[in-house]
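A.B. asks: below are the sequence and a predicted model for it; my questions follow.
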Amino acid sequence: MEIQEAMSTEVLTVNPERTLKEVAELMAERNCGSAVVVDPEQPGPGIFTERDLLHAVASGIGLSSESVADHVTTGGTFAEPGWSLDEAAKTMVRGGFRHLVVLESGEPKGVLSMRDIVRIWTSE
């Protein structure tokens, strides 16, 4: 099975200037574990995840004043729509992350989460 059959195509995309609180609220509203951070002045997107939020909260910073730009993961691993689900899962396990941004021509096309993989593998 290809990754595009399992990934979520409703990608939460945010500007890096949004506050951590704003992004957390958007993630909660959409019930998603990550947001793709797109900065037109940077090459490629970044990702902000539940884990990034957890680290920010634990550090005691002001969620209403701190921007997501200071907590985003950039230069990460990205997938292509033609990847197999198995290839994506192995990449995620090797990299120690639970969300994988799928890019097509440099643009976010979807996000694959470990939850998506488990859902597919347990329903077959």
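C.D. replies: Now that the structure is in, tell me what you want to look at. As the structure is a computational prediction, the values presented were derived from the model and not from experiment.

A.B. asks: how far out from the middle of the chain is stretch 57-75?
C.D. replies: From the chain centre to the centre of stretch 57-75 is a distance of 15 Å (CA atoms, centre = their mean, to the nearest Å).

A.B. asks: again with stretch 115-124
C.D. replies: 18 Å.

A.B. asks: in that stretch, what counts as buried?
C.D. replies: Asp116, Ile117, Ile120 (16 or more other CB atoms under 10 Å). For glycine as for every other residue, the C-beta is placed from the backbone atoms N, C-alpha and C.

A.B. asks: distance to Ile61, secondary structure and pLDDT for the residues you listed - can I get that in TSV?
C.D. replies: Listed next are those as TSV, based on distance: CB to CB, whole Å; DSSP: H, G, I helix; E, B strand; the rest coil; pLDDT from 0 to 100:
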residue	distance to Ile61	secondary structure	pLDDT
Asp116	30	helix	93
Ile117	32	helix	94
Ile120	36	helix	90
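
A.B. asks: could these go into TSV alongside distance to Asp70?
C.D. replies: Formatted as TSV, the buried residues of stretch 115-124 follow (distance: CB to CB, whole Å):
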residue	distance to Asp70
Asp116	28
Ile117	30
Ile120	34
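
A.B. asks: show me the helices in this protein, by range?
C.D. replies: For the chain, the helices defined by DSSP state H cover 20-30, 50-59, 85-95, 114-123.

A.B. asks: weakest of these by average pLDDT?
C.D. replies: Among the helices of the chain, helix 114-123 carries the lowest mean pLDDT, at a mean of 91.

A.B. asks: which helices and strands sit right next to that one?
C.D. replies: Helix 114-123 is packed against helix 85-95, with contacts defined by 3 or more CB pairs under 8 Å, 6 or more residues apart in numbering; DSSP states H and E.

A.B. asks: possible to save the helices of the chain as TSV with distance to Thr74?
C.D. replies: Output for the helices of the chain, formatted as TSV (distance: least, CB to CB, whole Å):
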stretch	distance to Thr74
helix 20-30	15
helix 50-59	11
helix 85-95	14
helix 114-123	21
